[in-house]
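In: test case, fold it:
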Amino acid sequence: MDVALTREVPRSIVRCELTHRAREPIDHARAVAQHRAYCEALEDLGLTVLRLPADERFPDCCFVEDTAVVLDQVAVVTMPGAPSRRGEIAAVEEALRPYRRLERLTLPATLDGGDVLRVGRLLLVGRSSRTNPAGIEALAAVAAPLGYSVAAVPFSGCLHLKSAATALDEETVLLNPDWIEAGRLDGCRTVSVAPGEPEAANVLRVGGEVWGHAGHPRTLDLLEARGYRARRLDVSEFVKAEAGLTCKSILFRAG
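Out: Numbering: from 1, shown residues only. Next up is the predicted model:
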């Protein structure tokens, strides 16, 4: 059974954390509708969608990806780099408990799941304002004995590594070359986003499809031309919150 852990959108999302984008008004009702369509699309592909309730104390709580890294054998509950997000951890930890052995990071290690890009058995981990060297070392201490390679990756110009690069398959990464150098990706094949669509590198690989924001049509056309089954979803309100397709779920196989 394939599972998607999600969390509903709080009204407080209008006060979300921002690092590289200017604040824009977020339409909460529209964000809720976009999130509902996202969850329904996951269900259409046969995934079991676990929906945690929103918590108004945590404006970014719908971006569950940052709170855990779920591997085949273990769920690593993170320590988000933004102190305002650390209260999100408990609910996600309890939701994952029935499915995985849990390992929890502790300070001074910080790690956001949005900085962890899995390509096969390789975990590329972005060094960012949210993920520090101690966090990368702590993840490696859990993952390396399980057969994963962990490599720290520098990038710039965006919040998380997965804003700059995401996996298209077990060997290929879609990237924005202005934010990350292809040579940093440890030998992965790379595809660059279309010109003029710098935020298009965040795509979600799920159910044999690649999902991208509908506002990045040229990049999605490029992927279709390469043989990928691309699905267009409108996540415009979440883009305003410096988020994308991967941010809104944690995908894993139960059992």
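In: quick check: closest non-adjacent residue to residue 53.
Out: Of all residues not flanking residue 53 in the chain, residue 8 sits nearest, at 5.6 Å (C-beta to C-beta, 6 or more residues apart in numbering). To be clear about C-beta, it is placed using only N, CA and C from the backbone, and glycine gets the same treatment.
In: how deep is that neighbour tucked in, by neighbour count?
Out: 15 (other C-beta atoms under 10 Å).
In: the one 10 residues further on too?
Out: Using other C-beta under 10 Å as the criterion, residue 18 is surrounded by 14 other residues.
In: equivalent analysis for the one 10 residues further on, please.
Out: The local packing of residue 28 (other C-beta under 10 Å) involves 15 other residues.
In: for it, what are its contacts?
Out: 9, 11, 13-14 (C-beta atoms under 8 Å, 6 or more residues apart in numbering).
In: what number of residues lie near the residue nearest to residue 198 when sequence neighbours are not counted?
Out: Spatial nearest neighbour of residue 198, chain neighbours left out: residue 176 (5.3 Å); criterion: C-beta to C-beta, 6+ apart. Residue 176 has 21 neighbours, counted by other C-beta under 10 Å.
In: touching, residue 176 and residue 196? I think so.
Out: No: in this structure, residue 176 is not within contact of residue 196 by C-beta atoms under 8 Å, at 11.2 Å.
In: stretch 178-188: end-to-end distance?
Out: 17 Å (C-alpha to C-alpha, to the nearest Å).
In: one more: stretch 158-166?
Out: Taking C-alpha to C-alpha, stretch 158-166 runs 13 Å from one end to the other.
In: same check, this time on stretch 244-255
Out: Across stretch 244-255, the terminal residues are separated by 28 Å (C-alpha to C-alpha).
In: would you map the strands across the stretch 1-150 of the chain?
Out: 2-7, 48-52, 68-70, 74-77, 101-104, 116-119, 122-127, 149-154 (DSSP state E, counting those that start in this stretch).
In: show me where the stretch 151-255 of the chain has its strands.
Out: Along the stretch 151-255 of the chain, the segments classed as strands by DSSP E, counting those that start in this stretch run 165-167, 172-175, 189-192, 204-206, 209-213, 230-233, 250-253.
In: what's the closest of these to residue 42?
Out: strand 204-206 (6.9 Å; C-beta to C-beta).
In: distance between the closest one and the chain's centre?
Out: Centroid displacement of strand 204-206 relative to its chain, using C-alpha atoms, centre = their mean, to the nearest Å, is 10 Å.
In: outside of that strand itself, list whatever touches it.
Out: Applying C-beta under 8 Å, 6+ apart, the external contacts of strand 204-206 come out as 4, 42, 45, 47, 166-169, 210-212, 245-246, 249, 251.
In: ok, now stretch 194-201?
Out: The contact list for stretch 194-201 (C-beta under 8 Å, 6+ apart) reads 158, 163-166, 174-176, 178-179, 193, 212-213, 216, 218-222, 239, 244.
In: ditto for stretch 129-141
Out: Against stretch 129-141 from outside (C-beta under 8 Å, 6+ apart): 19, 66, 69, 76, 78-82, 105, 108-112, 114-116, 123, 125, 127, 150, 152, 159-160.
In: any idea how far the residue nearest to residue 198 lies from residue 182?
Out: 10 Å (C-beta to C-beta, to the nearest Å).
In: PyMOL command to pick out the buried ones of the contacts of stretch 129-141?
Out: Buried residues within the contacts of stretch 129-141, by 16 or more other C-beta atoms under 10 Å, are selected in PyMOL with:
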select buried, resi 66+69+76+78+79+80+81+82+105+109+110+111+112+114+115+116+123+125+127+150+152+159+160
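In: so residue 42 sits against residue 4, correct?
Out: Yes: Residue 42 is in contact with residue 4 according to C-beta under 8 Å; the separation is 4.7 Å.
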